[in-house]
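>>> Starting from these lines, generate the structure:
(2 chains)
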Amino acid sequence: MSTAVHLDEITKRFPGVVANDDVDLTVERGTVHALLGENGAGKTTLMNILYGLYEPTEGTVHVDGRARDFDSPADAIDAGIGMIHQHFMLVDPMTVAENIVLGNEPRKWFGTTVDRERARQEVIDLSNRYGFDVDPDDAIEDVSVGVQQRVEILKALYRGADILILDEPTAVLTPQEVEELFRVFEELTAQGKTIIFISHKLGEAMHAADDITVLRNGKNVGTVKADETSNEELAELMVGREVLLEPKAEPQEPGDEVLAVRNLSAEDNRGIPAVSDVSFDIREGEVFGVAGVDGNGQSQLVEAITGLRTPTEGSISYKGRDVTDASRRSRIDDGMAYIPEDRHERGLVMDFDLVQNGILGSQHSPTFAADGRIHWSDARDHAERIIDEYDVRPPHADADAESFSGGNQQKFIVGREFEREPDLVVATHPTRGVDIGAMEFIHERLLDLRAEGKAVLLVSSKLDEVQGLSDRLGVMHDGELMDIVDPRNTTEEEIGLLMAGERPDADATDAEPPVGDAK
Amino acid sequence: MSATENAKAVLRRLTAASATERILISFAALVLAVLVGAVIILVSGRITTCQTAATTLFGTGFCYDPVEVYLVLFNGALGEPFLLNDPALFNPGWNPLNFGLALTLKETTLLIFTGLSVAVSFRAGLFNIGTQGQLVLGGLATALFSFFVAPALPSGLVGGLVLIPLAVIVGALVGGLYGAIPGALKAYADANEVITTIMLNFIAAQIAFVLVSEFFSNPDSQVVETTPLPGWATLLPVAFPQGGDFSILALAFGLALVVGVWFLLEQTSFGYDLRTSGEQPEAAEYGGVDAKRTTVTSMFLSGALGGMGGAIWVLMVMGKWQAGVPALGFDGITVSILAGNNPFGVVPAALLFGTLKSGSLAVQFGTGVPKQLVGVLRGLIILFVAMPEFFRMLGSAIDLEPDRETVATDGGALGGDDE
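Numbering: from 1, shown residues only, chains lettered A, B, ... in the order given. Just a heads-up that it's a prediction; the model follows:
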């Protein structure tokens, strides 16, 4: 095996920050190499150096055994490097084939016209060679995110890439699409391509990579073989201390009923039934988990409970009062905290700073506003407390929400909602996008709230998360609550079957196995 | 994206800039407009004919001298403190309380009201183009209310003290209610407020016209107007003996409203709801904001400010309502955009447009350059303010780019995720 990429003692300094500190990285040809680390560990910076977006302050980049000095991505592309960023750079109304050849179109008539037919054929050949399932004539706006990602990969291959860098490729994918992506990795490496992918998910790195390099605080803290390491070892490398990966809830006797959902049905925005006849209740000191593949009605169920969606049928009672038609505001005032699914749309006002975002939902509460006037100094203290306690970085209360990374935005929202002194916490994907150190902390806080006797509704697509934290677990499929199980006495397979829509008594042989997120 | 969505996106982009950036952009727009305006004045001066060239450049004579135009404009707006062709320069007979300055401040005052009206709605994410209509009806309500109530009050200072505040409140209420109509249409019938407010402008103008011409016309006049109010019922030019239809009281009231609107937007829970709705409606909904109520209330508020503008126009300028109300409401849109929809920004923006408006008269009389050319200058300012991206590019080209923080995605270490 030869070396495809060798980064030699790379240091990258930005004003006030050392992003990469003397990093060595060696990637063998024809392998999948995972670059693992928490948010802000310097993974993307390192790859941007390899791709020619940044110049290293010190150190050299070697590709195929030769020292290179890339001035721009164009140089890197010439050297056979392709990078697929987290946010795709595709033209939505154009077709798959047009996007792939964009900028390098085959031409005819002395270079005056794009040879569409040849472009199309070349794209078909290319995707057949690597076993990609894409239709060259589909418009980008009509295909799924997973397909768009494959188009990005094809675009890099079309430009002659031998080394592919993918920045957090799984962040935008469904579990099924993740599996499909990893299959594509295998196909590509089988044909001699080299893949480097950035991730902060242990399970993924273990599953898909041959070698794993862990970065922490801009330093390479170790390169290990995926089949010679363990989740625990990786987690410790990433965080720098031992990490409790499996949240464990102490058994505890639940108290009075806090939330009761009865025969609830709701529609989605297009008026299509999304939740049908769901009933459950949550008591004090209890975590009720909802598992299910994304898009099986969990969002609409949560919106109905939190007051953002009017149910078509059924009732919701909260703390003994019927709140089916109560306003969102009255539910907030009545101690209902809510970590929303979509932090960019709902959870934060992106152009507001954290001081202003810290009181979103509490802008009328007597804690921050008396006689209709907001006490900004109290709001500032509040935001700074959240930033401090939930380790939001950088700790700038005056910075706009937009300027924070996804994980830090999430930590701020979680902090704001947990510190509301709620009676019920509705948490949807509370650890989405946060690194494992923060994940552990959020899980601990969630269990603290439970110990304080709060009721928690936890919705997550991470099966190990809902299974580990919940006292009772409801499984949703196609808008229905399939069953409510005891997560401690139910296997992952049994839950998986319910997620796929198979009831235990039905014939389970042809059920599709579920794909967990971090498995 | 529909045209209005596009317009809103542009508007958001315009107002997303930081305060410093906004001021820089507005200033740069002003400078650029002056430069391009100078070229246009020169070119117009070539097209027209005159006996003697006003200025000669590169051996070519031009009828209009742009430098002179700007000096006369500025000088005229201040009431000629400078003697332009005199080596002494300063005009010894200049009194700060003069007619020219009164004209400038009159326009400024009116534009403060309409600028605030537009700013409030824009901040709420509502594209209220209807300030004009709200002003027309608010003004009419003020005129009619004053006309019918005045006889019941003692004439003189006491009557004025009672009547004028009431008349302004009536104007605000009517303007507010007229603004609340498109607000309610949007909230409860999903009607696009851009369309409805534009249409309601026409309706307001026609209703007012018919009402006055058919029922409340001044029998002694040929024009469509109401009977003039007695002097004590109007805002008299206290400090400016030469007149000019400007009352310092109205300006003081306008400035108080600026502070009031700022306080409402930035310091109150309602303002928080309004701004959140304007920035991100989904987040507002999440935060428990009643979107429908906020829409109607914001539009009422915006309309009330427009209505007060109408009331001040009637009480301070006309002393009656007269058909052919000047386009103060539309100018309010430009003032608000130049101000970045910031209430405090409205004051300098209104002052700038007030200066241009009153100065344009001096230009016409003093230089023979048609005042429409000054109108072109106003248009140019807006044109350049509306293209902040251009100035950002210019700024980065000459390395003036402010130290913008890198958006930290995952490993964007610039975001400062360092330990």
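
>>> quick one: average pLDDT of stretch A:279-296?
With pLDDT averaged residue by residue, stretch A:279-296 scores 91.

>>> Buried residues of stretch A:394-408, list them for me.
Neighbour counts over stretch A:394-408 (16 or more other CB atoms under 10 Å in any protein chain shown) mark A:394, A:396-397, A:399-408 as buried. (Glycine included, C-beta is placed from N, CA and C.)

>>> for the residue nearest to B:Gly288 when sequence neighbours are not counted, what are its contacts?
If the residues on either side of it in the chain are set aside, B:Gly288 comes closest to A:Arg329, at 3.4 Å by CB to CB, 6 or more residues apart in numbering or on different chains. A:Arg329 makes contacts with A:Gly307, A:His364, B:Gly288, B:Val289, B:Asp290, as judged by CB atoms under 8 Å, 6 or more residues apart in numbering or on different chains.

>>> What residues does the stretch 351-500 of chain A have near chain B?
For the stretch 351-500 of chain A, the contact set with chain B under CB under 8 Å from any CB of the partner chain comprises A:351-352, A:356, A:359-361, A:363-364, A:369, A:372-374, A:376, A:393-394, A:399, A:402-406, A:408.

>>> Dump the host helix or strand of the residue nearest to B:Gly288 to CSV, restricted to CA.
In the assignment (DSSP states H and E), A:Arg329 maps to helix A:328-333. C-alpha atoms of helix A:328-333 as CSV (Å, rounded to 0.1, in the frame of the first residue of the first chain):
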residue,chain,number,x,y,z
ARG,A,328,-48.7,28.3,22.7
ARG,A,329,-48.0,31.2,25.1
SER,A,330,-50.3,29.9,27.8
ARG,A,331,-48.5,26.5,27.7
ILE,A,332,-45.1,28.2,28.0
ASP,A,333,-46.4,30.3,30.9
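
>>> what's the neighbour count on the residue in chain A positioned nearest to chain B?
Distances between chain A and chain B by CB to the nearest CB are smallest at A:Gly40, namely 2.2 Å. Residues near A:Gly40, counting by other CB atoms under 10 Å in any protein chain shown, number 32.

>>> my guess is it contacts A:Ser405, does it?
Yes. Applying CB atoms under 8 Å as the test, A:Gly40 and A:Ser405 come out as touching, 7.0 Å apart.

>>> on that earlier part again, in helices only, show me the buried residues of stretch A:394-408.
Mapping the buried residues of stretch A:394-408 onto helices (DSSP state H) picks out A:Gly406, A:Gly407, A:Asn408.

>>> Dump these into a markdown table; add pLDDT and distance to A:Ala156 as well.
Formatted as a markdown table, those follow (pLDDT from 0 to 100; distance: CB to CB, whole Å):
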| residue | pLDDT | distance to A:Ala156 |
| --- | --- | --- |
| A:Gly406 | 80 | 24 |
| A:Gly407 | 82 | 27 |
| A:Asn408 | 87 | 30 |
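
>>> Looking at those residues, which is nearest B:Phe263?
Using CB to CB, A:Asn408 comes nearest to B:Phe263 of those, at 32.0 Å.

>>> Contacts only, for the nearest residue to that closest one once chain neighbours are set aside.
Excluding the flanking residues, the one nearest A:Asn408 by CB to CB, 6+ apart is A:Val392, at 5.1 Å. By CB under 8 Å, 6+ apart, the contact set of A:Val392 is A:Leu354, A:Ile386, A:Phe404, A:Asn408, A:Lys411, A:Phe412, A:Gly415.

>>> Would you mind giving those residues as JSON lines with secondary structure added?
Formatted as JSON lines, the contacts of A:Val392 follow (DSSP: H, G, I helix; E, B strand; the rest coil):
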{"residue": "A:Leu354", "secondary structure": "helix"}
{"residue": "A:Ile386", "secondary structure": "helix"}
{"residue": "A:Phe404", "secondary structure": "coil"}
{"residue": "A:Asn408", "secondary structure": "helix"}
{"residue": "A:Lys411", "secondary structure": "helix"}
{"residue": "A:Phe412", "secondary structure": "helix"}
{"residue": "A:Gly415", "secondary structure": "helix"}
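
>>> okay, who's weakest in these by pLDDT?
The pLDDT minimum for the contacts of A:Val392 sits at A:Phe404, where the score is 84.

>>> in the stretch 351-500 of chain A, which spans are strands?
A:369-370, A:373-374, A:424-428, A:455-459, A:472-477, A:480-485 (DSSP state E, counting those that start in this stretch).

>>> so can I have a markdown table of those showing mean neighbour count?
Listed next are those as a markdown table, based on neighbours: other CB atoms under 10 Å in any protein chain shown:
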| stretch | mean neighbour count |
| --- | --- |
| strand A:369-370 | 16 |
| strand A:373-374 | 18 |
| strand A:424-428 | 24 |
| strand A:455-459 | 26 |
| strand A:472-477 | 23 |
| strand A:480-485 | 19 |
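
>>> need the least confident one among the ones you listed, by mean pLDDT.
Confidence, taken as mean pLDDT, is least for strand A:369-370 of these (a mean of 86).

>>> show me where pLDDT drops low in the stretch 301-419 of chain B?
The stretch 301-419 of chain B contains residues with pLDDT under 70 at B:386, B:388-390, B:392-419.

>>> which residues of it fall in helices?
B:328-338, B:343-367, B:372-385, B:388-397 (DSSP state H, counting those that start in this stretch).

>>> now, of these, which is deepest in the fold?
helix B:328-338 (a mean of 26; mean count of other CB atoms under 10 Å in any protein chain shown).

>>> Show me what it is packed against.
Helices and strands touching helix B:328-338, by 3 or more CB pairs under 8 Å, 6 or more residues apart in numbering or on different chains; DSSP states H and E, are helix B:99-123, helix B:131-149, helix B:291-312, helix B:343-367, helix B:372-385.
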